[in-house]
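Asker: compute the structure for the input listed below.
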Amino acid sequence: MVKYICFHCGKKISKELMGKRIRCPYCGSKIIYKSRSTITKVKAR
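Answerer: The predicted model follows:
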């Protein structure tokens with residue numbers, strides 16, 4: 001199951017809870033991002 005996180009209130013949202021809208025059901029914010037399961041580190045050369 002894909003989990004999304006609201007940028008404004010920080011609550012976790014499932015795709016089923018959002019429905020067809022791209023808004024946080026808790027605060028109404030439009031800025032939602034997908035949480036990563038692993039941390040990606042990039043080395044500078």
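Asker: now the element after the helix or strand of the chain with the lowest mean pLDDT, going C-ward?
Answerer: Taking mean pLDDT, DSSP states H and E as the measure, helix 15-18 is the helix or strand of the chain with the lowest mean score, a mean of 79. Using DSSP states H and E, the helix or strand that follows helix 15-18 in sequence is strand 32-34.
Asker: what sits up against that following strand?
Answerer: 2-7, 13, 18, 22-24 (CB atoms under 8 Å, 6 or more residues apart in numbering). Where you see a C-beta, it was placed from the backbone N, CA and C, and this is true even at glycine.
Asker: now this structure, which segments are flagged as low pLDDT?
Answerer: 1 (pLDDT under 70).
Asker: in a strand, that's where K41 is, yeah?
Answerer: No. Per DSSP: H, G, I helix; E, B strand; the rest coil, K41 lies outside any strand segment and is coil.
Asker: list the contacts of it.
Answerer: Contacts of K41 by CB under 8 Å, 6+ apart: none found.
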